[in-house]
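In: next comes the sequence, and after it the predicted model I'd like to discuss.
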Amino acid sequence: MKSKLVIIPTYNEIENITRIIRAVLGLDGGYHILIIDDGSPDGTAIAVKKLLTEFKDRLFLIERSGKLGLGTAYLTGFRWALERGYDYILEMDADFSHDPFDLARLCSACEEGADLSVGSRYCDGVSVVNWPIGRILMSYCASIYVRKTLGVKIFDSTAGFVCYTRKVLETLDLDAIQMKGYGFQIEMKYSSVKLGFRLVEVPVIFVNRKEGTSKMSGGIFGEAFWGVLRLRFRKIKAKKTA
């Protein structure tokens, strides 16, 4: 069986963190979880620590001193996963907007030949529940903008529900990834495709969080907008090997 690590970045997710950990680790498939907490003042990391003994060798925690950005959290997690030999490295939100049962579908897509799979809200219509219409339009139009600007056929480029095979993350130059917010998701997918990896979108239903507060902001979308323009003129290179 392939080893699987689910990386979950957190900031103030006390309402969700215990439930999402139990939900994922209660699945078949042998998943491990790495929580990367950015100094949540609400006690998110404390809640995780209470579960470390119960889920020994399956649940791990990295605590950072403050809000350093979604992208840097995932990059920290990717390096941690590569050092420990995981075969599949997955991204997932803590708030149940991503259905834990869909983790198996993402892994199956990679087992069937994809190099990375994306839980896509838009590859089969619009599959979003309980989002304000303005938020849906912003997200959907962002993906259209990315497709037109970068010339890649990815319907949900900002999706944060992703499974990477080890070879993708070993090949990408993670030190060259520049965007820190949700633009990070675009840059990672685009870089993977430009290096010749096969990306498969798996249709999922995205459900807006019921507990906690969204971390989305206009600044995040501003970074993504200008970052995509710059990305268009950058040459994507694989990591240099010794």
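Out: Received it, and whenever you're ready, just let me know what you need. Treat the numbers as computed from the prediction; the structure is a model and nothing was measured. Numbers count the residues shown, from 1 in each chain.
In: name the SS class of residue 240, please.
Out: Reducing the assignment to helix, strand or coil with DSSP: H, G, I helix; E, B strand; the rest coil, the entry for residue 240 is coil.
In: neighbours of residue 240, just the number please.
Out: 6 (other CB atoms under 10 Å). Quick note: C-beta positions are derived from backbone N, CA and C, even for glycine.
In: swap in residue 235?
Out: In terms of burial, residue 235 registers 5 neighbours under the definition other CB under 10 Å.
In: roughly how far apart are it and residue 173?
Out: When distances are taken as CB to CB, to the nearest Å, residue 235 and residue 173 turn out to be 11 Å apart.
In: quick one: contacts for residue 116?
Out: Under the criterion of CB atoms under 8 Å, 6 or more residues apart in numbering, the contact partners of residue 116 comprise 110, 162, 163, 164, 165, 168, 189, 192, 197, 198, 199, 200.
In: okay, the residues you listed in JSON lines with pLDDT, neighbour count and secondary structure next?
Out: As requested, the contacts of residue 116 are arranged in JSON lines below (pLDDT from 0 to 100; neighbours: other CB atoms under 10 Å; DSSP: H, G, I helix; E, B strand; the rest coil):
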{"residue": "110", "pLDDT": "98", "neighbour count": "24", "secondary structure": "helix"}
{"residue": "162", "pLDDT": "98", "neighbour count": "25", "secondary structure": "strand"}
{"residue": "163", "pLDDT": "98", "neighbour count": "29", "secondary structure": "strand"}
{"residue": "164", "pLDDT": "98", "neighbour count": "31", "secondary structure": "strand"}
{"residue": "165", "pLDDT": "98", "neighbour count": "23", "secondary structure": "strand"}
{"residue": "168", "pLDDT": "98", "neighbour count": "22", "secondary structure": "helix"}
{"residue": "189", "pLDDT": "96", "neighbour count": "25", "secondary structure": "helix"}
{"residue": "192", "pLDDT": "97", "neighbour count": "24", "secondary structure": "helix"}
{"residue": "197", "pLDDT": "98", "neighbour count": "18", "secondary structure": "coil"}
{"residue": "198", "pLDDT": "98", "neighbour count": "15", "secondary structure": "coil"}
{"residue": "199", "pLDDT": "98", "neighbour count": "20", "secondary structure": "strand"}
{"residue": "200", "pLDDT": "98", "neighbour count": "17", "secondary structure": "strand"}
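In: of those, just say which sits nearest to residue 66.
Out: Proximity to residue 66 was ranked across these by CB to CB; first place goes to residue 162, at 24.9 Å.
In: could you find the closest non-adjacent residue to that closest one?
Out: residue 91 (4.5 Å; CB to CB, 6 or more residues apart in numbering).
In: shouldn't residue 89 be within a helix?
Out: No. With three-state DSSP as the criterion, residue 89 is strand rather than part of a helix.
In: just to check, residue 145 is in contact with residue 227?
Out: No. When contacts are counted by CB atoms under 8 Å, residue 145 is not listed as touching residue 227 (11.5 Å).
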